[in-house]
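J.: show me how the following folds:
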Amino acid sequence: MTAVVKTLGDSKAEEAEWALRCDMAAIFRVSARLGWNEQIGNHNSVMLPGEEPLFLINPRGYLFRELRASDLIVCDLDGRVLRGRGELRKVAFHIHARIHIANPKAVTVLHVHPQYLTALSLIDGGELALAHHNNLLLNDRIVYDTAGYEPVHDNEEGDRIARLLGDRTILVMGNHGVTVVGATPHEAFDELYIAERTAMYQMTALSTGMRLRTIPDRFRRNYLGPWGEKVDARLHLDAWRRVLDREEPDYAS
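T.: Next up is the predicted model:
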């Protein structure tokens with residue numbers, strides 16, 4: 001366990017933080033493999049357990065593919081770096097801290113630019129159709145932001161995004177990318193993964209120039225509860241971690 005974590009006083013707090021660090025580091029590495037992030041941009045955060053509201057996030061200037069568990073910095077909701085080396089990117093603060101403040105259930109916030117969801121965000125009126133069976137669970141959990149056109153530069157815009165997201169878990173940000181929130185890192189990761197795959201299916205089908213076959217609306221799941229109660233989110237991230245343990249074991253260092 002790194003010196004960053006050993007500075008904590010309570011052994012249970014140390015263990016809980018280290019477990020979160022390793023899960024988040026795995027998500028960064030898998031996201032890099034899947035081409036979800038934009039150069040050294042994009043950011044993922046998770047709130048730490050405890051009375052003091054603190055969150056883990058990637059420091060400015062790192063590729064997702066090089067991040068390790070010990071590289072993540074600890075910040076407060078005012079944007080101060082309390083532990084770790086590096087700088088908190090301002091746009092990351094304005095998005096992540098404001099969502100964490102507005103929605104305590106958004107323990108994990110993943111903000112990335114994956115190919116197909118980002119392409120969907122560039123289309124006038126772009127939304128996921130009720131066409132694939134994944135849409136039956138996903139579609140009621142998504143909100144589309146058609147008002148934001150510029151990078152997030154202040155708390156006011158961060159607050160607008162947080163209000164728009166509300167109790168949903170996926171925000172497709174117009175002309176930008178996507179933000180997914182969840183109660184745990186593995187739930188947010190799995191929901192993002194499924195949403196991106198579903199967007200890929202739709203965009204691929206539409207590229208044929210043929211019309212989508214849609215599913216009757218009565219089959220929608222109408223579910224806004226924890227993602228992990230419907231899918232094997234923990235098992236999915238664990239499977240990726242086994243791959244990383246073999247091929248990129250430094251992620252957990």
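
J.: taking the centroid of this structure, which residue is nearest it?
T.: The centre of the chain sits closest to L110, judged by Cα atoms, centre = their mean, with a distance of 1.7 Å.

J.: confidence score at it?
T.: Predicted confidence (pLDDT) for L110: 98.

J.: my read is it is in a strand, agree?
T.: Yes: with DSSP: H, G, I helix; E, B strand; the rest coil as the criterion, L110 is part of a strand.

J.: surely it meets V46?
T.: No: at 9.3 Å, L110 and V46 do not qualify as touching, with contact defined as Cβ atoms under 8 Å. Yep, even glycine has a C-beta here, placed from its N, CA and C like the rest.

J.: contacting residues around H113?
T.: W36, N37, E38, G41, N42, H176, G177, V178 (Cβ atoms under 8 Å, 6 or more residues apart in numbering).

J.: show me which of the residues you listed are buried.
T.: Using 16 or more other Cβ atoms under 10 Å as the burial test, these include W36, N37, G41, N42, H176, G177, V178 as buried.

J.: quick one: low-confidence parts of this protein?
T.: 1-10, 148-150 (pLDDT under 70).

J.: any idea which residue of it is furthest from its center?
T.: For the chain, the largest distance from the centre (Cα atoms, centre = their mean) belongs to M210, which lies 32.1 Å off.

J.: host element of that residue?
T.: Counting by DSSP states H and E, no helix or strand carries M210.

J.: from T204, how far out is it?
T.: 11 Å (Cβ to Cβ, to the nearest Å).

J.: now do the shared contacts for these two.
T.: With Cβ under 8 Å, 6+ apart, M210 and T204 have no common neighbours.

J.: quick one, helices of the protein?
T.: Taking DSSP state H, the helices of the chain run over residues 3-6, 11-33, 90-102, 115-122, 135-138, 155-165, 185-206, 233-247.

J.: what would these look like in a markdown table with mean neighbour count and distance to L77?
T.: As requested, the helices of the chain are exported to a markdown table (neighbours: other Cβ atoms under 10 Å; distance: least, Cβ to Cβ, whole Å):
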| stretch | mean neighbour count | distance to L77 |
| --- | --- | --- |
| helix 3-6 | 14 | 20 |
| helix 11-33 | 20 | 17 |
| helix 90-102 | 21 | 5 |
| helix 115-122 | 19 | 27 |
| helix 135-138 | 20 | 29 |
| helix 155-165 | 18 | 11 |
| helix 185-206 | 22 | 19 |
| helix 233-247 | 15 | 26 |
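
J.: among those helices, which is nearest Y144?
T.: Among those, helix 115-122 comes nearest to Y144, with 8.1 Å by Cβ to Cβ.

J.: so the closest one versus strand 108-112, what angle?
T.: With axes from the mean of the first three to the mean of the last three Cα atoms, to 10 degrees applied, the angle from helix 115-122 to strand 108-112 works out at 80 degrees.

J.: correct me, but R141 touches G225?
T.: No: if you go by Cβ under 8 Å, R141 and G225 don't touch, sitting 9.6 Å apart.

J.: and those two? Which one has more around it.
T.: Set side by side, R141 and G225 show unequal neighbour counts under other Cβ atoms under 10 Å, the larger going to R141 at 19 against 11.

J.: not counting its neighbours along the chain, what's nearest A102?
T.: Leaving aside its sequence neighbours, A102 sits nearest to A162 (Cβ to Cβ, 6 or more residues apart in numbering; 3.7 Å).
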